[in-house]
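# model this:
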Amino acid sequence: LEGLAGALSIAGPGRLAEAARKLGRAAALRRSVGAPLPAGERHDVDRITARLRAALGEPEFAGSFAAGERDPGEGPAGQPAGSGERELGDHFPGALGGRARVEPAAQRLHPLGHADQPEPAAQPGHPRV
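Next comes the predicted model:
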């Protein structure tokens, strides 16, 4: 989202408030999962933030940023996004401190391929059974 905010910040005056909302949304998502902004991205985000503050003015930037923090955003295919916990827990089960509400994707997959394909050695009559 921070990268998208950067692109929107140079797309023209009509996209500046949207860019500030994206930064706010990214900050809220990072806080919700305890994932701080990596140090390597801090300079870029600070530059984008400064560009938006200068173009919008502090009051409008702060309002748009705050609106982004409150906005649940959109998920895949334009569907309203949830808390992000299901998706995050699916891919990074440790990120939720053991609170993942779904089985991690890696555990659903069979070690030799697809989850719907039984392991050959588990089939009756297989020489390793």
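# Quick check: which ranges of this structure have low pLDDT?
For the chain, residues meeting the criterion pLDDT under 70 lie at 72-129.
# Show me the helices in it, by range?
2-9, 16-33, 39-56, 58-70, 85-91, 105-108 (DSSP state H).
# distance of the nearest residue to residue 6 once chain neighbours are set aside from residue 2?
Spatial nearest neighbour of residue 6, excluding adjacent residues (CB to CB, 6 or more residues apart in numbering): residue 48 at 4.6 Å. For every residue, glycine as well, the C-beta is placed using N, CA and C. Shown here: residue 48 relative to residue 2, a distance of 7 Å by CB to CB, to the nearest Å.
# neighbour count winner among those two?
A direct count of neighbours by other CB atoms under 10 Å for residue 48 and residue 2 places residue 48 higher, at 22 against 18.
# just the helices of the chain: most buried one?
helix 16-33 (a mean of 20; mean count of other CB atoms under 10 Å).
# okay, the angle between it and helix 2-9?
Going by axes from the mean of the first three to the mean of the last three CA atoms, to 10 degrees, helix 16-33 is angled at 170 degrees with respect to helix 2-9.
# and the angle for helix 16-33 with helix 39-56?
140 degrees.
# Tell me which other helices or strands helix 16-33 touches.
helix 2-9, helix 39-56, helix 58-70 (3 or more CB pairs under 8 Å, 6 or more residues apart in numbering; DSSP states H and E).
# now the first one and helix 58-70, what's the angle there?
Spelled out, that is helix 2-9. Going by the same axes, to 10 degrees, helix 2-9 makes 140 degrees with helix 58-70.
# What is helix 2-9 packed up against?
Using 3+ CB pairs under 8 Å, 6+ apart: helix 2-9 touches helix 16-33, helix 39-56.
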